[in-house]
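Engineer: only the shape, not the letters, is given here:
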Ligand SMILES: [Fe+2]
């Protein structure tokens with residue numbers, strides 16, 4: 001069971017890495033944005049929409065599958081889980097502000113909407129950093145205090161309740177740019193044939209969206 005928790009914790013850390021990476025990229029791309037550049041504005045809106053789907057799926061999956069298990073009154077961590085949920089609400093608020101701004105930017109390509117997107121991202125980054133630091137320091141303890149079989153089942157479910165298209169994109173997103181121990185951990189968690197299918201189905205499109213947004 002410790003192995004299941006380690007796998008779940010590792011995947012959580014790699015997802016956080018992908019979120020942090022993309023938030024930094026969006027921020028950087030907006031700093032370099034030239035008002036009126038419609039192609040870049042559309043590309044950024046597209047990339048943000050996909051990022052939004054990934055992050056939303058991640059925290060909704062935690063709330064749906066993992067929180068009921070680690071927040072079970074028998075495990076004695078109800079307050080901790082309430083705190084994690086409050087942090088998710090801050091992420092949801094930052095996402096909503098950013099989503100509106102990127103949506104408008106995609107059609108206007110205006111300096112004002114680029115500024116609004118930058119402000120939304122700053123809000124989102126702060127909320128995400130606070131929450132990720134909390135999860136990364138306490139998740140293991142919370143999982144170890146809960147029913148081991150239920151924790152194992154929750155982590156499995158979190159990996160399986162995405163649509164097939166989302167799942168294929170997710171693997172490209174989390175797997176992008178991994179090296180060393182991170183790559184080894186990812187490869188140990190996602191079987192090679194699944195990674196291959198993801199590459200075939202989503203790899204080219206994923207690379208194209210990335211190039212259009214920040215190259
Ligand atoms: Fe979370």
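Structural biologist: Noted; the coordinates are in hand. What you are looking at is a predicted structure, and each value in this text was computed from that prediction instead of being measured.

Engineer: okay, CA-based contacts and neighbour counts for the rest of this
Structural biologist: Will do.

Engineer: please list all residues in contact with residue 43.
Structural biologist: Residue 43 sits next to 106, 209, 212-213 when contact means C-alpha atoms under 8 Å, 6 or more residues apart in numbering.

Engineer: how far away is it from residue 188?
Structural biologist: Between residue 43 and residue 188 the distance, using C-alpha to C-alpha, to the nearest Å, works out to 33 Å.

Engineer: again with residue 41
Structural biologist: Look at residue 41 and residue 188: by C-alpha to C-alpha, they are 37 Å apart.

Engineer: how much space separates residue 99 from residue 23?
Structural biologist: 13 Å.

Engineer: about what we covered before: which of residue 41 and residue 188 has more neighbours?
Structural biologist: A count of neighbours by other C-alpha atoms under 10 Å puts residue 41 above the other of residue 41 and residue 188, at 29 against 11.

Engineer: residues contacting the more buried one?
Structural biologist: When contacts are counted by C-alpha under 8 Å, 6+ apart, residue 41 touches 105-109.

Engineer: the residue nearest the centre of the chain: what's it in contact with?
Structural biologist: With distances taken as C-alpha atoms, centre = their mean, residue 55 lies nearest the centre of the chain, 3.4 Å away. Contact partners of residue 55, counting by C-alpha under 8 Å, 6+ apart, are residue 19.

Engineer: buried stuff in the host helix or strand of it?
Structural biologist: Element membership of residue 55, judged by DSSP states H and E, is helix 38-61. Within helix 38-61, the residues scored as buried using 16 or more other C-alpha atoms under 10 Å are 38, 40-48, 50-52, 54-61.

Engineer: average pLDDT for it?
Structural biologist: Helix 38-61 shows a mean pLDDT of 96.

Engineer: what's the local residue count around the closest residue to residue 182 other than its chain neighbours?
Structural biologist: On the basis of C-alpha to C-alpha, 6 or more residues apart in numbering, the spatially nearest residue to residue 182 that is not a chain neighbour turns out to be residue 14, at 7.4 Å. Residue crowding around residue 14 was assessed by other C-alpha under 10 Å; the count is 20.
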